[in-house]
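Asker: Got a sequence here, can you build the structure:
(2 chains)
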Protein chains: 2
Amino acid sequence: MAALEFFYDFNSPYSFLASTQLAALAARTGARIVYRPFVLGGVFKEASNSSPALVPAKYRYMAQDLARWAARYGVRLVYKDPLAFKSIFVLRAALAAEEQGKIVPFTDAAFRAYWSEERDLARPEELSRVIASVGLDPGAILSRIEQQDIKERLRAQTEEAVRRGAFGAPTFFVGDQMFWGNDRLDFVEEALRAAV
Amino acid sequence: MAALEFFYDFNSPYSFLASTQLAALAARTGARIVYRPFVLGGVFKEASNSSPALVPAKYRYMAQDLARWAARYGVRLVYKDPLAFKSIFVLRAALAAEEQGKIVPFTDAAFRAYWSEERDLARPEELSRVIASVGLDPGAILSRIEQQDIKERLRAQTEEAVRRGAFGAPTFFVGDQMFWGNDRLDFVEEALRAAV
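Answerer: Purely as a prediction, here's the structure:
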């Protein structure tokens, strides 16, 4: 069974868009999808890249482009400045959810809460709501994410992605083949079918 | 009949890829395609953007991504550093060819000479060969492109694109709807069908 690694950050609207397509992609291809949260700001820094939102004309265009993708996918996406969302606690919570076998529903719920429902996930009460919505204990998760090994795992995952060539999000790997962007899911699907 | 404006620079490999699809796109949609060369370096500067080739990891990834698109389109593309190609004379020659009703064949021939056939179009003898290949007089075109009004037209076209929102290449407009990138040709096609 082919495996697809999905590197994402919650502050990346294109990562959100891609996440909405993964269940159907897995169903079509039989691929196993490995959810790998990473720190996009760290990726930009390590790869000497910068957020597209920093180029004013690109920032304005992204609003239109994201709306086109959201319409195509039939999902609600409210455009906000990706740089305004400090997602670090949500990323660590995803790793804590992974320990409980819940990274996929947590990731889906957190993405939708932020990008579809306009909830400010940087606030602990909003993050708690998402945690509870997937059947996890908010108190336990919020205390787990303060522990050093979770922080280190997130850092290591980010460094691994950069070492393998990542410079933005979402980034996909099928073996050592890298794909950057929601708009490369068709190439990802071709690679998964070829890898089976 | 819907019109599609295609802003491009010869040093942009994604512009080359897109150019190979336009005849079929026009045939499918009935759209009229308006070829609008512009100076990508000037666009980057005016829009406070920079070439993707300046980010080392992105530069490396582009080689794989361009190869995937070239395979999908069935075109030969030899990846070279886009920054190494000073395309200004080729852009001006495209405007001179436009005066003779030949901008489309000239653009196709110049793109293929550079990206498929590895010819150094910054050299006058190679540019002359392309000019002659579409039935134009190299001497006449090479003297035409030294004239001030051609230079100014290219500059005005570049400034117009930036004013309308462009920050990279290729950039497409269907009316006031802007699309950036070879990978948005499917959205372009939807817009053309909706505009008819």
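Asker: drop to CA atoms for contacts and neighbour counts, all remaining ones
Answerer: Will do.
Asker: Looking at chain A, which helix is longest?
Answerer: Within chain A, and with DSSP state H defining each element, the longest helix by residue count is helix A:56-73.
Asker: And the strands in chain A, which stretches?
Answerer: According to DSSP state E, chain A carries its strands in the segments A:3-8, A:32-37, A:171-174, A:177-180.
Asker: export the ones you listed to a markdown table and tack on mean pLDDT, mean neighbour count and distance to chain B?
Answerer: What follows is the strands of chain A, written out as a markdown table (pLDDT from 0 to 100; neighbours: other CA atoms under 10 Å in any protein chain shown; distance: least, CA to the nearest CA, whole Å):
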| stretch | mean pLDDT | mean neighbour count | distance to chain B |
| --- | --- | --- | --- |
| strand A:3-8 | 98 | 21 | 16 |
| strand A:32-37 | 98 | 19 | 20 |
| strand A:171-174 | 98 | 23 | 11 |
| strand A:177-180 | 98 | 20 | 8 |
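Asker: contacting residues for the closest residue to A:Val162 other than its chain neighbours?
Answerer: Spatially, and ignoring its direct neighbours in sequence, A:Val162 is nearest to A:Val43 (6.2 Å; CA to CA, 6 or more residues apart in numbering or on different chains). When the contact criterion is CA atoms under 8 Å, 6 or more residues apart in numbering or on different chains, the partners of A:Val43 are A:Asn49, A:Thr158, A:Glu159, A:Ala161, A:Val162, A:Ala166, A:Phe167, A:Gly168.
Asker: And A:Phe85, by the same measure?
Answerer: For A:Phe85, the contact set (CA under 8 Å, 6+ apart) comprises A:Asn11, A:Ala122.
Asker: Dig out what A:Val174 forms beta bridges with.
Answerer: Listed beta-bridge partners, A:Val174: A:Gln177 (assigned using DSSP bridges).
Asker: Surely it and A:Ala191 touch.
Answerer: Yes - A:Val174 is within contact range of A:Ala191, at 6.8 Å (criterion: CA atoms under 8 Å).
Asker: Flag every residue of chain A that's near chain B.
Answerer: Among all residues of chain A, those adjacent to chain B (criterion: CA under 8 Å from any CA of the partner chain) are A:47-49, A:55-58, A:61, A:65, A:68, A:165-167, A:178-179, A:183, A:187.
Asker: among these, which ones are buried?
Answerer: Neighbour-count burial (16 or more other CA atoms under 10 Å in any protein chain shown) is assigned, among those, to A:47, A:49, A:55, A:57-58, A:61, A:65, A:165-167, A:178-179, A:183.
Asker: Identify the farthest-apart pair in those residues.
Answerer: Largest separation among those by CA to CA: A:Ala57 and A:Met178, giving 27.4 Å.
Asker: A:Glu160 - how many residues pack around it?
Answerer: Applying other CA atoms under 10 Å in any protein chain shown, we find 14 residues neighbouring A:Glu160.
Asker: Which residues does stretch A:8-26 contact?
Answerer: A:31-33, A:35-40, A:66, A:69-70, A:73, A:79, A:82-83, A:85-87, A:90-91, A:108, A:110-112, A:115, A:169-171, A:181-182, A:185, A:189.
Asker: try it again with 6 Å
Answerer: Residues external to stretch A:8-26 that are found in contact with it (CA atoms under 6 Å, 6 or more residues apart in numbering or on different chains): A:Pro37, A:Phe38, A:Leu40, A:Pro82, A:Phe85, A:Phe111, A:Ala169, A:Pro170, A:Asn182.
Asker: what's the answer for stretch A:102-121, then?
Answerer: So stretch A:102-121 is contacted by A:Phe16, A:Arg76, A:Leu77, A:Val78, A:Ala94, A:Ala97, A:Leu127 (CA under 6 Å, 6+ apart).
Asker: again with stretch A:156-175
Answerer: Residues external to stretch A:156-175 that are found in contact with it (CA under 6 Å, 6+ apart): A:4-8, A:15, A:38-39, A:43-44, A:47, A:178-181, B:57.
Asker: can you give me the end-to-end distance of it?
Answerer: For stretch A:156-175, the first and last residues are 19 Å from each other (CA to CA, to the nearest Å).
Asker: remind me which residues of chain A are low pLDDT?
Answerer: Residues of chain A meeting the criterion pLDDT under 70: A:196.
Asker: Quick one: the helices in it, in order.
Answerer: A:13-19, A:22-29, A:40-46, A:56-73, A:88-99, A:103-111, A:124-133, A:138-144, A:148-163, A:185-195.
Asker: Tell me what angle the fifth one forms with helix A:103-111.
Answerer: Meaning helix A:88-99. 160 degrees (axes from the mean of the first three to the mean of the last three CA atoms, to 10 degrees).
Asker: who touches A:Ala53 in this structure?
Answerer: When contacts are counted by CA under 6 Å, 6+ apart, A:Ala53 is found next to A:Tyr59.
Asker: gap between it and A:Asn11?
Answerer: Going from A:Ala53 to A:Asn11 by CA to CA gives 11 Å.
Asker: Same check on A:Gly41?
Answerer: 9 Å.
Asker: more neighbours, those two?
Answerer: Shown here are A:Gly41 and A:Asn11; by other CA under 10 Å, A:Asn11 has more neighbours (26 against 21).
Asker: residues near the nearest residue to A:Asn182 once chain neighbours are set aside, how many?
Answerer: If the residues on either side of it in the chain are set aside, A:Asn182 comes closest to A:Ala18, at 4.9 Å by CA to CA, 6+ apart. By other CA under 10 Å, 21 other residues sit near A:Ala18.
Asker: same deal with A:Ile131?
Answerer: The burial metric for A:Ile131, expressed as a neighbour count using other CA under 10 Å, is 27.
Asker: wait, what's in contact with it?
Answerer: Neighbours of A:Ile131 in contact, by CA under 6 Å, 6+ apart: A:Pro138.
Asker: For B:Asp186, see how far away the closest residue to A:Asp176 other than its chain neighbours is.
Answerer: Counting by CA to CA, 6+ apart, the nearest residue to A:Asp176 once its immediate chain neighbours are dropped is A:Arg164, at 8.0 Å. The span separating A:Arg164 from B:Asp186 equals 30 Å under the rule CA to CA.
Asker: what does A:Pro52 give?
Answerer: Summarising the geometry, the distance separating A:Pro52 from B:Asp186, computed by CA to CA, is 22 Å.
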